[in-house]
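Asks: Could you work out the structure for the sequence below:
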Amino acid sequence: MFRVIDWRKHLMGVLLTLATLVVLSDLGSGSHNSDHNAYKVREVDASSAKALVDAGALVIDVRGQTQFDVRHIPGAILITIEELRAGIPARLVAEAKDRPILVYCNKGLEHGPEGAAILNQAGFAGAVNLNGGIQGWAGAGYPVQKS
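Replies: Modelled structure (predicted):
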């Protein structure tokens, strides 16, 4: 009448199901990260970015004021992504005439590509995104500045 239940088999089944769900969720999030350049902008690595900076490129940090104050690429100007979304600031037009533009955010995954795309669409064809953002720049050993 009473059946003996082997809890070990049930527990193994539950654990196997959970492990499968974890693996599948990791695969899904990985595909999101690999498609970070949905804006289809040109990206440069830290060494290419350094060459652009040394050649006189305009450097635009699209993060917020607090992040900019903590660290930024020397000579960078702060134009937040919110400012760019609202329209190209007049001060940028004067400074960016006929110059390449290096745009960066924290990791180069979201706001940097978006900022470069906004600038490209506004006629600044030389705007590129720093792949790896300020983290990649600093990780490569290039100088950062505090405000």
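
Asks: The helix or strand Arg85 falls within packs against which elements?
Replies: Element membership for Arg85, per DSSP states H and E: helix 81-86. Counting contacts by 3 or more CB pairs under 8 Å, 6 or more residues apart in numbering; DSSP states H and E, helix 81-86 is packed against helix 111-121. Every C-beta, even on glycine, is put in place using the N, C-alpha and C of the backbone.

Asks: What number of neighbouring residues does the spatially closest residue to His72 that is not a sequence neighbour come out with?
Replies: In this structure, His72 finds its nearest non-sequential neighbour in Asp61, 5.1 Å apart by CB to CB, 6 or more residues apart in numbering. Close neighbours of Asp61, defined as other CB atoms under 10 Å, add up to 28.

Asks: mind checking the SS state of Ser48?
Replies: helix (DSSP: H, G, I helix; E, B strand; the rest coil).

Asks: Next one: it relative to Gly136, how far apart?
Replies: Here the criterion is CB to CB, to the nearest Å. By it, Ser48 lies 11 Å from Gly136.

Asks: Same question for Asp45.
Replies: 7 Å.

Asks: Give me the sheet partners of the helix or strand where Val103 lies and which way each runs.
Replies: Per DSSP H and E, Val103 falls inside strand 101-104. Strand 101-104 has the following sheet partners, assigned by DSSP bridges: strand 58-61 (parallel), strand 127-130 (parallel).

Asks: With distance to Ala116 and mean pLDDT as added columns, please give the ones you listed in TSV.
Replies: Listed next are the strands paired with strand 101-104 as TSV, based on distance: least, CB to CB, whole Å; pLDDT from 0 to 100:
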stretch	distance to Ala116	mean pLDDT
strand 58-61	9	97
strand 127-130	4	96
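
Asks: and Phe68, how many neighbours?
Replies: Other residues close to Phe68 by other CB under 10 Å number 20.
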